[in-house]
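Peer 1: After the sequence you'll find the predicted model.
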Amino acid sequence: MKRFFQVMALQFFGLTTFSQQEVKVLYETDSKGNYNFYSINENYCDYTLEVYFQDIVNFKYKVQLPYKTVVSHGKNFLFTLEPDSPYRLSTFRYNYYYFKGPVNPKVDYSIKYLLPIAEGMTTEPFKLDYLKISKKDQEPKDYYALGFKVNAGDTIYASRRGVVSSLRDSTNLKYSDYIFTSDENYIEIYHKDCTFARYQVIKKALVEVGDEVEAGDPIAIASGDKYTSGPHVRFWVYYNHEYQNEVIDKDGSKVKKNWAYVPLTFITKECPNCKLEYGNTYTCIKPDSIITQEFTKRQLKKWKKKNYL
């Protein structure tokens, strides 16, 4: 008896529009008639992926459904559907959604961050209050975000090593006296412990998506001259805390936005291990021990050879 498989169009619940998917779930058939599912993650950070089957008839599988996993950059094997009986009708329909980062990763709170400015320069940090979109909007867990006063045109540097997972530097603000705009240029960097750093209010990016950067590397040119607070860069580090609640994005897609924030510890000339105090000024230093704090032995050996030989 000839088998019949019915596969519905994929329903997408990701972070962007369908044509801009960062993660896709596909399948291939093998010589035994099995359906091998896999994902393609086109971004440079991990994503949480959930695959749902609306119908699944006459198939065997060795995973728990709905299937939940974390997928890294590139092609990732997920699971196999194996036809149970060749004499019965076999059908399946599935959909999926995804969002950035694993849920509740093991955040490394021992990491010390560099000021995102040039070595020897001073800056004054100021507090960034959480902006509620609606009255029902709840403040994220441990909200912590800083602004650093700079000069327009200053170079902005990475506070921690990672890989550039997203950026935008095409916005040219038309007006003045901004307090906040969602259209602002930014750079997002993904860290080893599955946290994300956001560097916002920039004129031009000096890196591209997929670039690996070390702590202290130049990544952007500062902006902010059209803000009421003057030229500055905004900086915070966050991760996925939970994902039970959903909001509707501008394009109508469902988006998970339950971020938690990391209370950052910085190393400066004035304070080698501190939480920055608003209103004080701090001088940027870049000790080798901080630049290399997340290196493997092999990476450290390579870095020393490059910088000291």
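Peer 2: All right, it came through fine.
Peer 1: Sketch out the strands for the stretch 151-300 of the chain, chain order is fine.
Peer 2: Taking DSSP state E, counting those that start in this stretch, the strands of the stretch 151-300 of the chain run over residues 155-157, 162-168, 186-190, 196-200, 202-205, 212-213, 218-222, 232-240, 247-248, 254-255, 259-261, 265-266, 282-283.
Peer 1: May I see the ones you listed organised as a markdown table, with mean pLDDT and distance to Tyr87 added?
Peer 2: Every C-beta, even on glycine, is put in place using the N, C-alpha and C of the backbone. Putting those into a markdown table (pLDDT from 0 to 100; distance: least, C-beta to C-beta, whole Å) gives the following:
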| stretch | mean pLDDT | distance to Tyr87 |
| --- | --- | --- |
| strand 155-157 | 97 | 65 |
| strand 162-168 | 96 | 48 |
| strand 186-190 | 97 | 49 |
| strand 196-200 | 97 | 51 |
| strand 202-205 | 94 | 59 |
| strand 212-213 | 96 | 54 |
| strand 218-222 | 97 | 61 |
| strand 232-240 | 95 | 45 |
| strand 247-248 | 50 | 45 |
| strand 254-255 | 52 | 40 |
| strand 259-261 | 91 | 51 |
| strand 265-266 | 96 | 64 |
| strand 282-283 | 97 | 74 |
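Peer 1: how many neighbours does Phe196 have?
Peer 2: Neighbourhood size, Phe196 [other C-beta atoms under 10 Å]: 21.
Peer 1: Nearest to Asn104, out of the strands of the stretch 151-300 of the chain?
Peer 2: When those are compared by C-beta to C-beta, strand 232-240 sits nearest Asn104, at 7.1 Å.
Peer 1: helices or strands next to that closest one in the packing?
Peer 2: Applying 3 or more C-beta pairs under 8 Å, 6 or more residues apart in numbering; DSSP states H and E, we find strand 232-240 packed against strand 146-149, strand 196-200, strand 218-222, strand 259-261.
Peer 1: how does it look with 6 Å?
Peer 2: In terms of contacts (3 or more C-beta pairs under 6 Å, 6 or more residues apart in numbering; DSSP states H and E), strand 232-240 is packed against strand 146-149, strand 196-200, strand 259-261.
Peer 1: Throw those into a markdown table and include distance to Lys75, thanks.
Peer 2: Listed next are the helices and strands packed on strand 232-240 as a markdown table, based on distance: least, C-beta to C-beta, whole Å:
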| stretch | distance to Lys75 |
| --- | --- |
| strand 146-149 | 38 |
| strand 196-200 | 23 |
| strand 259-261 | 28 |
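Peer 1: Out of those, which gets nearest to Tyr97?
Peer 2: strand 259-261 (17.0 Å).
Peer 1: Check which helices and strands that closest one sits against.
Peer 2: With contacts defined as 3+ C-beta pairs under 6 Å, 6+ apart, the packing partners of strand 259-261 are strand 232-240.
Peer 1: Dump the strand it packs on to CSV, restricted to CA.
Peer 2: The C-alpha trace of strand 232-240 is given here as CSV (Å, rounded to 0.1, in the frame of the first residue of the first chain):
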residue,chain,number,x,y,z
HIS,A,232,26.3,58.8,25.0
VAL,A,233,26.2,55.0,24.6
ARG,A,234,23.6,52.8,26.3
PHE,A,235,24.7,49.4,27.6
TRP,A,236,23.1,46.4,29.3
VAL,A,237,23.5,42.6,29.5
TYR,A,238,20.5,40.3,29.5
TYR,A,239,19.3,36.7,29.1
ASN,A,240,16.1,34.7,28.7
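Peer 1: what residues does the longest helix seen in the chain touch?
Peer 2: The residue-count maximum for a helix in the chain (DSSP state H) belongs to helix 297-308. The contact list for helix 297-308 (C-beta atoms under 6 Å, 6 or more residues apart in numbering) reads Thr292.
Peer 1: That helix - what's its average pLDDT?
Peer 2: For helix 297-308, the mean pLDDT works out to 86.
Peer 1: got JSON lines for the strands of the stretch 151-300 of the chain, with distance to Leu146 too?
Peer 2: Below are these laid out as JSON lines (distance: least, C-beta to C-beta, whole Å):
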{"stretch": "strand 155-157", "distance to Leu146": "13"}
{"stretch": "strand 162-168", "distance to Leu146": "18"}
{"stretch": "strand 186-190", "distance to Leu146": "15"}
{"stretch": "strand 196-200", "distance to Leu146": "11"}
{"stretch": "strand 202-205", "distance to Leu146": "15"}
{"stretch": "strand 212-213", "distance to Leu146": "19"}
{"stretch": "strand 218-222", "distance to Leu146": "14"}
{"stretch": "strand 232-240", "distance to Leu146": "5"}
{"stretch": "strand 247-248", "distance to Leu146": "25"}
{"stretch": "strand 254-255", "distance to Leu146": "25"}
{"stretch": "strand 259-261", "distance to Leu146": "11"}
{"stretch": "strand 265-266", "distance to Leu146": "9"}
{"stretch": "strand 282-283", "distance to Leu146": "11"}
